[in-house]
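> Predicted model and sequence follow; I will ask about them next.
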Amino acid sequence: MCSILVIDDEKGILSVIQEVLTQFGHRVEIAEDGSEGIQKLEDGSFDIVITDMRMPGIDGAGVVKYIRNSQKKSILVIGISGTPWFLQNEGFDVILPKPFPLEELIDSVSRLTKIPTRTAAGK
């Protein structure tokens with residue numbers, strides 16, 4: 001499947017997204033803020049980054065700007081936000097407004113990677 005980094009300052013959201021994506025066969029790492037996320041991007045290899053927009057310190061716009069200006073600019077980025085209208089033209093591949101159905105997140109990952117979704121029960 002794919003390697004995904006999820007960045008969000010809300011631990012509950014991190015936990016749910018990590019659990020669901022792992023059930024669908026993805027390798028998932030988490031970061032609790034943009035700085036930690038950028039450090040993991042520098043040290044690792046990811047196919048997709050899912051980042052919240054509003055976080056203390058480096059926010060989602062800073063994360064996507066870092067990615068698009070780095071050698072890893074081909075990483076796909078999904079932005080998640082309670083204020084999705086702020087994400088227009090920010091370099092995101094997909095924007096999901098919070099709250100979003102988890103099925104929509106799974107479908108977005110599948111669509112971006114062109115890897116068919118398999119059910120968690122079909123693992």
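In hand now; what should we look at? Numbering: from 1, shown residues only.

> Show me what the helix or strand bottoming out on mean pLDDT in the chain is packed up against.
Lowest mean confidence among the helices and strands of the chain (mean pLDDT, DSSP states H and E): strand 94-97, at a mean of 89. Packing partners of strand 94-97 (3 or more Cβ pairs under 8 Å, 6 or more residues apart in numbering; DSSP states H and E): strand 76-81, helix 102-113. C-beta coordinates here come from the backbone N, C-alpha and C atoms, glycine included.

> ok, and what's touching that strand?
Residues outside strand 94-97 that contact it (Cβ atoms under 8 Å, 6 or more residues apart in numbering): 76-82, 84, 87-88, 104-105, 108, 111-112.

> same check, this time on stretch 57-70
By Cβ under 8 Å, 6+ apart, the list of residues contacting stretch 57-70 reads 7, 33-35, 37-38, 41, 49, 51-54, 73, 75, 77, 79-81, 87, 90-92.
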